[in-house]
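Visitor: okay, predicted coordinates and the sequence, questions at the end:
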Amino acid sequence: MHKINLAEKFSQLSAHWSPKIVAELNGQQVKLVKFAGEFVWHHHQSEDELFLVIEGEFEMQHRDSGGLPHSIPLKPGEFLVVPRGVEHRPVAEKEVSVLLFEPAGTLNTGTANSSPLTVDYPEQL
């Protein structure tokens, strides 16, 4: 057992859209990521994802079953769960620090796995 200092771990991140693993439990991974700008539209066939804002703000854009776009703004201390199968993309005007909780092996770009933003094997911090 050991404690994890989020501020210290986030200070080690320099690249946007490049999640790093900070812990694992029960087949799940806790990842940290910084991002700014728009990510790619994608969904995950089998995985739900939790996004918890630590610092900054972003909007989670998503499409409903009819393909209509929606947006949910998130601020520090707020989180949301993106259910499997929901097409989504995070968008941040300025840099944001986010904690992710998702099943081990979840590909950050899901069904858009040919994106230049795809991280096949996130590093462990």
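Guide: On my side now, so go ahead.
Visitor: now the residue nearest to Phe39 when sequence neighbours are not counted: which helix or strand?
Guide: The spatial neighbour of Phe39 that comes closest, neighbours along the chain excluded (Cβ to Cβ, 6 or more residues apart in numbering), is Arg89 at 4.5 Å. For the C-beta atoms, the positions are set from N, CA and C on the backbone; glycine is no exception. Using DSSP states H and E, Arg89 sits within strand 88-103.
Visitor: buried sites along that strand?
Guide: Going by neighbour count (16 or more other Cβ atoms under 10 Å), the buried part of strand 88-103 is 88-90, 92, 96-102.
Visitor: again with stretch 68-79
Guide: So, applying 16+ other Cβ under 10 Å, buried residues of stretch 68-79: Leu74.
Visitor: first to last residue in it, what's the distance?
Guide: Stretch 68-79 has its terminal residues 22 Å apart, counting by Cα to Cα, to the nearest Å.
Visitor: related to what we said a few turns ago, beta partners for the residue nearest to Phe39?
Guide: Gln61 (DSSP bridges).
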